[in-house]
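Undergrad: Provided below are the primary sequence and the corresponding predicted coordinates.
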Amino acid sequence: MTPLYLNQIDPRIQIHYADAIDYFAFYKKFIGKGTVPGNALADDTNPNFIKKISRFIRGNFFIPDPRIGWKKQAVKVAQKIIIDEGIDVFITAGPPQSTHLIGLGLKAKKTNIKWIADFHDYWTNVFYLKKFYRTAIAQKIDLYLEKKVIENADQILVHTDYNKNYLKNRTKKHLNIEVVRIGYDEQKFNNATKQRNEIFTITYAGTLPDYYHPESFFEALVQLKKEHPSLKLITRFIGIISNTIQSMVSQYQLEDWIVFEGYKPHLESIEAIMQSDLLLLINPRLEQDEAIVPGKIFEYIATGNPILSISSKGSENEMILKETQIGANYDWNDIQGIKNYIYNCIM
């Protein structure tokens, strides 16, 4: 059966395959199916013993990530393609960041070829790595690999100004580095339609683990409800929402203003954000959250609907919304500002 994503690739593009060591298979055998480590594993704020072991294995034995088993054969296959086709430029895209190690291997074998390394997420400074109980040795190895990649790539692409500055400070070598925002797939919006809602509709689309701390949004709704008891609105949460956050709804007595609709396929999620009056964006409340730019902000922008962002003041989210003039960002502590923005959008 052909994976769905292959149907989205232009048929003129050649696809080549390389065997890989499936570390996941070993992991599932000894740890258990359904507990394979990834960034989602970090979403649980109270992991049990098995999950703690999973995090430790992920952070200390899969460096930079569990896809490293693809490297050896991928380098071999790609090298043959480069020679046979006379290719003089190639691109690696991560995550998984192990893809860049394939690029490093290819560059070492053919130094006159041009290499573009596309970092469309962070590597050693990605926020969830801190939850993987990394040893100093594992972190040192990862930092070494990242530095080798950025010093050998001919061109580096990143998705945030923060990452551009971070990578520049990782080496004394001059880096050819540019910021290219993630963007969105325009074709997926072609069949999505807008509509006017009888009840003002706020939509959040995406995962929402405990450490995102949406309390300030809930508190703003509580104040809005007290000040304007006749006001009618509904907030739809689409995606995987933590049980702790779902239980907050009754705590704040917002059952009539908030619904949890669960996971929806991507196209249905796009339809939902198109048919909304206000879109909610919340960053994880972590150290240096101002550097986190979720990809969905660009899909939000594509709808043309106003965006309410909650993240640190001066964040890149705030900068992007100011540039596009399509929404506003408020700090978690600015409950008054959040409340007023919602009310102004309704009125």
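TA: Now that the structure is in, tell me what you want to look at.

Undergrad: make it CA atoms for all contacts and neighbour counts henceforth
TA: Will do.

Undergrad: buried ones in the helix ranked longest in the chain?
TA: The helix that spans the most residues within the chain, counting by DSSP state H, is helix 136-152. Neighbour counts using 16 or more other CA atoms under 10 Å place 138, 139, 142, 143, 145, 146, 149, 150, 151, 152 of helix 136-152 among the buried residues.

Undergrad: give the contact list for the third one.
TA: Taking CA atoms under 8 Å, 6 or more residues apart in numbering as the criterion, residue 142 is in contact with 63, 64, 124.

Undergrad: what about the nearest residue to residue 16 once chain neighbours are set aside, neighbour count?
TA: For residue 16, ignoring the flanking residues on the chain, the nearest one in space by CA to CA, 6 or more residues apart in numbering is residue 77 at 8.0 Å. Number of residues near residue 77 (other CA atoms under 10 Å) recorded here: 14.

Undergrad: is it true that residue 77 touches residue 18?
TA: Yes: counting by CA atoms under 8 Å, residue 77 sits close enough to residue 18 to count as a contact (6.4 Å).

Undergrad: looking at the chain, which helix or strand is least sure?
TA: The weakest-scoring helix or strand in the chain, judged by mean pLDDT, DSSP states H and E, is helix 23-31 (a mean of 61).

Undergrad: ok, back up a step: so how far is residue 19 from the residue nearest to residue 16?
TA: Separation of residue 77 from residue 19 (CA to CA, to the nearest Å): 9 Å.

Undergrad: List the buried residues in stretch 214-233.
TA: Judged by neighbour count (16+ other CA under 10 Å), stretch 214-233 contains these buried residues: 214, 215, 216, 217, 218, 219, 220, 221, 222, 224, 225, 233.

Undergrad: Backbone dihedrals for residue 76, both of them.
TA: Taking degrees, to the nearest 10, you get phi -60, psi -50 for the backbone angles of residue 76.

Undergrad: Could you tell me how many residues sit around it?
TA: Residue 76 has 14 neighbours, counted by other CA under 10 Å.

Undergrad: give me every residue that touches it.
TA: So residue 76 contacts nothing (CA under 8 Å, 6+ apart).

Undergrad: Tell me how far it lies from residue 16.
TA: Residue 76 sits 12 Å away from residue 16, going by CA to CA.

Undergrad: just residue 197 next, same as before
TA: 48 Å.

Undergrad: before we move on, which element is the closest residue to residue 322 other than its chain neighbours in?
TA: Of all residues not flanking residue 322 in the chain, residue 328 sits nearest, at 7.2 Å (CA to CA, 6+ apart). Using DSSP states H and E, residue 328 sits within strand 327-330.

Undergrad: Then residue 308?
TA: Assigned by DSSP H and E, residue 308 belongs to strand 307-310.

Undergrad: Name the next helix or strand following that strand along the chain.
TA: Heading C-terminal from strand 307-310, the first helix or strand you meet, by DSSP H and E, is helix 316-324.

Undergrad: now the helices for the protein?
TA: Counting by DSSP H, the chain has helices at residues 23-31, 49-61, 71-85, 98-109, 136-152, 161-168, 215-227, 243-251, 266-274, 296-303, 316-324, 335-346.

Undergrad: separation between the spatially most central residue of the chain and residue 137?
TA: Nearest residue to the geometric centre of the chain (CA atoms, centre = their mean): residue 294, 4.9 Å. Separation of residue 294 from residue 137 (CA to CA): 30 Å.

Undergrad: and what of residue 291?
TA: Per CA to CA, residue 291 is found 26 Å from residue 137.

Undergrad: do residue 170 as well
TA: Taken as CA to CA, the span from residue 170 to residue 137 is 18 Å.
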